Each structure stands twice: as C-alpha cells, then as structure tokens.
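Q: Sequence and computational prediction follow.
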Amino acid sequence: MSMKKILIVDDDRLVLTTFERGLRDAGYETSTAESGPQALQVCAESPPDLVLLDIRMPEMSGLEVAQRLRRETGVPFVFLSAYDDIEILKQAAQHGALGYLVKPVDMPQVIAAIEAALARAEDIRRLKKTEADLSTALAGSRETSAAVGILMERYRLSEKQAFEALRTRARNEQRKLDEVAGQILQAEESLNWPVSSAKP
C-alpha cells in the first residue's frame, strides 16, 4: 500500500516542522504550505490524500481555503486551531471538516485523527462513486432501471441497495451489468405469464 500524502498548512514554521517530522516518522509522505494560496496551489498540482489546515492565517483563513478545497479539488481536510471555540467548531463542521484538532496536540492524537479522517474520506468517495454509477446506469439502460425496480419491490431494498446487489452479481459472474439485468427481466416475465397461456 502506498504512503498517504498529508499536506500541512500553517503560518507558524515551528508547527510545520514539528508536524512534518512527526508524520514522516509515522510513515506518511508530507508536504507543507505557509499560506492559503500556497496550499491551494499544492493541491491543484499534486493533490494530497488529506490536508491539516490551520484556521487562523493571514491573507486567507483556513475556512476560506476549506471552501475552495471543497469546490475546486474535493481534497478532504482536518482543521487545526489554537482555540477551542464552539462557534469555530460549528463553522468547521459546516465547511465539511473531517476532524478538528486543538493545538498544542501530541502526535498520537494527530495520527488517530488522520486515520479516522482518511477512513471517512474513503467512505465518502465510495458512496459518491456508487451514486455516480447508479445515475449513469439508470440513465443509460432501461433494463438496468427496470431490474433495480424489480429487486427493490421483491426484496424491499432501497434503490442504492438494489443497484449494489445487481452490480455485485454481475461482478461475481463476470458479466456485464445489462446482461444480468436482462436475465432478471426475463425471469420476471416468465413468472408473470398468465395461467391460460401455459395451457395447450
């Protein structure tokens, strides 16, 4: 498994050095930025897996950087702050932060927060991919859409659950999604034949 890339953003050089050394010792690949604009440039050129982002910085605040990250790159972030303020915590949550660390913080705490944030980011990525796949499949194939509807009704599944069941079966049988969908439709049609049609 490749090393996770962490970008540390803080206008305090000592904080950057301390975090960079600690995270490298823990097995992460690191880069640093001393300002919001520099952080955005790094993310555009070589997106990290996670950003540790100081909230209070001159020129551009961490909250402003967070807004740009969400809108332009989708790179996940954890906020760093010297202030344990309930209002800032609310703003952090509203901006989509996957964690919030109050300085000074020891490295085991930082690593635990990073691992939790990386796991959450992966969950979100998978969910978005499933939603995108579902939208594409339903828009592109009437058979897939109909098969998902059948599975939803028959097994009391949500649309996502039904689509995942269909996709899993296609994967397991190494077949195309629309082939499996077509098979489900054929089976459904045969079950729905009127009794009179089966008489000689």
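A: Here it is on my side, so go on. Model, not experiment: these values are computed from the prediction. Numbers count the residues shown, from 1 in each chain.
Q: And this protein, what are its domain boundaries?
A: Taking automatic domain parsing as the reference, the chain has its domains at 5-123, 141-192.
Q: For those domains, give me JSON lines that also has mean neighbour count.
A: Heads up, the C-betas are built off the backbone N, CA and C, glycines and all. Below are those laid out as JSON lines (neighbours: other CB atoms under 10 Å):
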{"stretch": "domain 5-123", "mean neighbour count": "17"}
{"stretch": "domain 141-192", "mean neighbour count": "15"}
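Q: Of all those, which one is nearest residue 131?
A: domain 141-192 (7.4 Å; CB to CB).
Q: returning to that earlier point: nearest to residue 130, out of the domains of the chain?
A: domain 141-192 (6.3 Å).
Q: any idea how far the closest one is from the chain center?
A: 26 Å (CA atoms, centre = their mean, to the nearest Å).
Q: and if you look at stretch 6-18?
A: Distance, centroid of stretch 6-18 to centroid of chain: 25 Å (CA atoms, centre = their mean).
Q: how long is that stretch end to end?
A: One end of stretch 6-18 to the other measures 14 Å (CA to CA, to the nearest Å).
Q: tell me the average confidence for that stretch?
A: Across stretch 6-18, pLDDT averages out at 93.
Q: elements contacting the biggest helix by length in the chain?
A: For the chain, the longest helix by residue count, based on DSSP state H, is helix 107-140. Using 3 or more CB pairs under 8 Å, 6 or more residues apart in numbering; DSSP states H and E as the contact test, the elements touching helix 107-140 are helix 13-25, strand 50-54, strand 77-81, strand 100-102, helix 142-155, helix 159-172.
Q: Quick one: name whatever helix or strand follows the first one.
A: Heading C-terminal from helix 13-25, the first helix or strand you meet, by DSSP states H and E, is strand 29-33.
Q: Kindly report the same for the third one.
A: Reading on from strand 77-81 to the C-terminus, the next helix or strand found by DSSP H and E is helix 86-94.
Q: Point out where the protein drops to low pLDDT.
A: Within the chain, the stretches with pLDDT under 70 are 1, 84-85, 132-134, 136-140, 190-200.
Q: tell me the contacts of residue 4?
A: 28, 29, 49, 50, 114, 118 (CB atoms under 8 Å, 6 or more residues apart in numbering).
Q: For residue 36, state which of the residues you listed is nearest.
A: residue 50 (16.6 Å).
Q: and that closest one, bridged to which residues?
A: On the basis of DSSP bridges, residue 50 is bridged to residue 6.
Q: State the distance from it to residue 146.
A: 41 Å (CB to CB, to the nearest Å).
Q: same deal with residue 186?
A: On the measure of CB to CB, residue 186 and residue 146 end up 11 Å apart.
Q: Repeat that for residue 153.
A: 11 Å.
Q: and if you look at residue 107?
A: In terms of CB to CB, residue 107 sits 54 Å off from residue 146.
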